[in-house]
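J.: Following is a predicted model, sequence given first.
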Amino acid sequence: MKSKKIFLLFLMFTYLGLEASLAQELSFKSGYILTNDGNKIKGKIHYDKELNPTTVLFINNDGNQTIFSPNQIRGFKIKGGNFFTENNKIKGDEFIEQVFKGKISLFIHKNQLILTDYNDDLVFLNTEDNEKSRLENYNILLSLTSGLCYIEKSNPYKAFKNDIGSIIAILREFHYCESEAYKIYYKQPLILAYNLSLGFLFQSYPLSSPSWEAESPNGFSPFFLAGIQIKSPEPKLKKTRLDLGLGLSQSTITTIIFEENSIKAISGRQVTNVTAIHVPVIFVYEIPSKINISPYLGMGLMSSLKFGKIKSGLINDLEKDSQYAIIKPAEFMETPRFNLSPILKFGIKWKGNLYLESILGQQLNAQNVYFNGVNGSLTERFFSLSLGCKF
């Protein structure tokens with residue numbers, strides 16, 4: 001009796017081990033099948049990734065296994081990935097990968113890109129990696145999407161890469177413009193562009209203290225900014241973008257403070273060299289234009305990390321009755337290490353690559369001042385003017 005129990009346990013563990021090994025070897029993934037009635041049934045799916053599958057192995061949430069062929073279901077979808085469906089015109093006994101579904105659809109079959117037009121006719125794209133193939137495919141897409149929408153303006157030939165992402169971008173723009181329903185089974189990355197600019201940062205420093213008379217001459221400093229522009233592939237969001245930047249500026253702040261009463265007059269002068277690293281984060285709206293010059297505007301925040309180094313500083317303490325003056329070196333102004341500023345951006349873009357822009361902002365407590373026992377601060381108001389290039 002004991003040996004039978006041991007034998008049964010052995011068989012059970014062997015079965016479980018084989019089942020786990022088979023599941024691991026077959027590499028099941030979460031997804032759903034689409035029945036001929038249009039219902040979605042979730043479960044685990046295995047299919048041959050190397051070829052267009054002729055069958056698919058499906059395990060539902062109850063653990064039941066079923067093998068389906070193209071005539072039994074409309075298709076199946078892997079979670080976060082591929083969608084396969086039937087298309088008798090391409091090949092009736094295989095599931096064909098579909099990456100775009102709409103008035104014009106895009107399929108992949110054995111590394112061949114195939115479009116279906118309005119009449120459901122097949123249009124084969126050239127998959128060769130050369131300029132002739134790129135131009136041929138671009139012209140095919142323009143022909144299929146011709147109409148009231150000028151797709152070539154937002155998807156110019158020079159930006160067309162002859163890959164799935166570029167083809168989907170054109171199809172997506174066309175369907176959005178024509179108010180046609182569409183669905184994408186292809187994960188499109190964010191659209192990234194990089195830019196560099198060089199210009200000047202103009203600064204002024206109003207002093208906030210009623211006890212003093214003070215001045216800090218307006219100044220300007222060289223301003224370098226490198227950045228990245230992030231746009232969504234969604235056509236409805238094509239006029240907006242997120243700009244992230246990393247900038248550098250160097251400035252010299254000269255502050256003169258004067259305080260007078262019936263007994264004495266005290267004046268101070270300090271020169272501080274400030275090196276600042278700026279990180280602007282700006283949401284930008286691009287204003288549509290029918291000419292080569294396109295304006296844009298945005299708003300956001302800029303964090304600044306500053307390093308101040310005092311070049312010189314002195315205080316002149318004059319007694320009015322005796323006319324006796326004490327002149328001594330002194331440091332009465334300190335640069336805070338970190339600042340956060342609200343900013344606005346205005347600019348114009350020429351032919352999509354060159355741009356002229358300005359960033360306006362204000363930093364409260366840009367410089368802390370301690371003079372004759374009273375605390376105060378300098379508020380920095382600034383704007384930049386830069387010429388840059390996107391690439």
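T.: Perfect, I can see it now.
J.: Could you verify my assumption that Asn155 touches Glu173?
T.: Yes. At 6.2 Å, Asn155 counts as touching Glu173 under the criterion of C-beta atoms under 8 Å. C-beta coordinates here come from the backbone N, C-alpha and C atoms, glycine included.
J.: Show me where the stretch 101-250 of the chain dips below the pLDDT cut-off.
T.: In the predicted model, the stretch 101-250 of the chain carries pLDDT under 70 at residues 207-217.
J.: can you give me the strands in it?
T.: 105-109, 112-116, 122-124, 183-184, 191-204, 207-208, 213-215, 219-231, 240-260 (DSSP state E, counting those that start in this stretch).
J.: quick one, domains of the protein?
T.: 24-184, 191-390 (automatic domain parsing).
J.: Same list (those) but as JSON lines, adding mean neighbour count.
T.: Listed next are those as JSON lines, based on neighbours: other C-beta atoms under 10 Å:
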{"stretch": "domain 24-184", "mean neighbour count": "16"}
{"stretch": "domain 191-390", "mean neighbour count": "16"}
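J.: Give the closest residue to Ala169 in space, chain neighbours not counted.
T.: Leaving aside its sequence neighbours, Ala169 sits nearest to Asn155 (C-beta to C-beta, 6 or more residues apart in numbering; 5.9 Å).
J.: and if you look at Ile184?
T.: Per C-beta to C-beta, 6+ apart, closest to Ile184 is Phe100, 5.7 Å.
J.: what about the one you found, which SS state?
T.: strand (DSSP: H, G, I helix; E, B strand; the rest coil).
J.: who's in contact with it?
T.: Contacts for Phe100 (C-beta atoms under 8 Å, 6 or more residues apart in numbering) come out as Leu106, Ile167, Ile168, Leu171, Arg172, Tyr182, Lys183, Ile184, Tyr185, Tyr186.
J.: And the residue nearest to the first one when sequence neighbours are not counted, how far from Thr85?
T.: Right, the one you point to is Leu106. Closest residue to Leu106 apart from its sequence neighbours, by C-beta to C-beta, 6+ apart: Phe100 at 4.0 Å. Remark: distance between Phe100 and Thr85 (C-beta to C-beta, to the nearest Å) = 12 Å.
J.: swap in Cys389?
T.: According to C-beta to C-beta, Cys389 stands 44 Å off from Thr85.
J.: got it, and Leu301?
T.: For Leu301, the distance to Thr85 - C-beta to C-beta - is 46 Å.
J.: name the helices or strands packed onto the biggest strand by length in the chain?
T.: Longest strand in the chain, counting residues (DSSP state E): strand 293-319. When contacts are defined as 3 or more C-beta pairs under 8 Å, 6 or more residues apart in numbering; DSSP states H and E, strand 293-319 packs onto strand 240-260, strand 264-286, strand 324-329, strand 333-334, strand 338-350, strand 354-371.
J.: Report the distance from it to the chain centre.
T.: 28 Å (C-alpha atoms, centre = their mean, to the nearest Å).
J.: Now that strand: average pLDDT?
T.: Average pLDDT, strand 293-319: 90.
J.: Describe which strands that strand pairs with in its sheet and in which direction.
T.: strand 264-286 (antiparallel), strand 324-329 (antiparallel), strand 338-350 (antiparallel) (DSSP bridges).
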